[in-house]
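1. pasting the sequence and the predicted coordinates here, then a few questions.
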Amino acid sequence: MEEVVEEVVEEGSWGMKVVVCLKQVPETTEIEIDRTTGELKTDGIRGIINPYDTYALEEAIRIKEGEGAHVVALSVGDQASTEALKEALALGADEAVLVDAGEAEPQDGPGIAFLLAKAVERIGDVDLVLCGKEAVDGWGGVVGPALAAYLQYPQVTMVRGFRSLAADHCTVERLFEDGFQVVRCGLPAVVSVVKEINEPRMASLRGMMQARRREIPVLSVSDLVGETADLSSIKILTRRKPEVATGGEILDGTPAEQVATLVNRLRADKVL
């Protein structure tokens, strides 16, 4: 599936401001749950930039290198999230901003998106907001669309590449299972990207050393909304790991005999 769009690409730099939304996630998928409190045990586990967000950051840096854009890395989290933001600075972001909501940090995607939207408005004069398609610690995939709704920006999801960027619009390719779709979108906009869009770079030693010395501006909920109200539309009451089924039986006989035995047992259990 492919739609062909003919377009005259406008060249030159117009000083875009690109915000990249990043989330710091645990570096492992093997996270234990405290049976008493239901909280995730993250002590001693290193935090990293959500892998899908690294593609959004890389694309922002490429836009900066090609169009002269100013890149701002933005995250909602606790003080530990400054590590992810400093990594973004080491990779090539020009600024980084942390929204530290403290105990008021939302537990759901729309709540996080609301704070991100308020921060984007605070940053001001933003032309493009880039996000990864989802976070690997929740797999919700709703922050990008919710952010666009709060900002009242057009949005494009599952973007695998930019065909062109102009002062007031962009043309992108949206990934589908059986092909892609070419979409022209007005700016400012929220664009959620997939891993097919690029190959993220590694930070240089010089970049890491310079980033370590940078101070990360921190915004609170009261800075953004004037009060520390409950921003979550949902609350996580408890967490638990699903029980893992054990045991099993290997049926004897030929394949035909095994099938017959299985069918008889399913009928006996009234499954068939």
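-> Noted; the coordinates are in hand.
2. use CA for all of it now, contacts and neighbours both
-> Fine.
3. for the helix or strand where residue 180 lies, which residues meet the burial criterion?
-> Using DSSP states H and E, residue 180 falls within strand 179-186. Neighbour counts over strand 179-186 (16 or more other C-alpha atoms under 10 Å) mark 180, 181, 182, 183, 184, 185, 186 as buried.
4. dump the residues you listed to a markdown table, plus distance to residue 195 and pLDDT.
-> As requested, the buried residues of strand 179-186 are exported to a markdown table (distance: C-alpha to C-alpha, whole Å; pLDDT from 0 to 100):
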| residue | distance to residue 195 | pLDDT |
| --- | --- | --- |
| 180 | 14 | 92 |
| 181 | 16 | 94 |
| 182 | 17 | 96 |
| 183 | 18 | 94 |
| 184 | 20 | 96 |
| 185 | 20 | 95 |
| 186 | 23 | 96 |
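5. pull out the buried residues from the longest helix anywhere in the chain.
-> If you go by DSSP state H, the chain has its longest helix at helix 51-67. Buried residues in helix 51-67, counting neighbours by 16+ other C-alpha under 10 Å, are found at 51-61, 63-64, 67.
6. just to revisit the earlier point, what is the strand holding residue 180 packed up against?
-> Contacts defined by 3 or more C-alpha pairs under 8 Å, 6 or more residues apart in numbering; DSSP states H and E place strand 179-186 against strand 169-176.
7. for this structure, which segments count as helices?
-> Counting by DSSP H, the helices of the chain are 51-67, 82-91, 109-123, 143-151, 205-212, 221-225, 255-268.
8. what's the closest of those to residue 196?
-> Taking C-alpha to C-alpha, helix 51-67 is the member of the helices of the chain nearest to residue 196, at 8.5 Å.
9. what packs against that closest one?
-> For helix 51-67, the packing partners by 3+ C-alpha pairs under 8 Å, 6+ apart are strand 17-22, strand 70-76, strand 128-132, strand 189-193.
10. for these, give me JSON lines that also has distance to residue 263 and mean pLDDT.
-> Below are the helices and strands packed on helix 51-67 laid out as JSON lines (distance: least, C-alpha to C-alpha, whole Å; pLDDT from 0 to 100):
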{"stretch": "strand 17-22", "distance to residue 263": "51", "mean pLDDT": "96"}
{"stretch": "strand 70-76", "distance to residue 263": "54", "mean pLDDT": "96"}
{"stretch": "strand 128-132", "distance to residue 263": "46", "mean pLDDT": "97"}
{"stretch": "strand 189-193", "distance to residue 263": "46", "mean pLDDT": "97"}
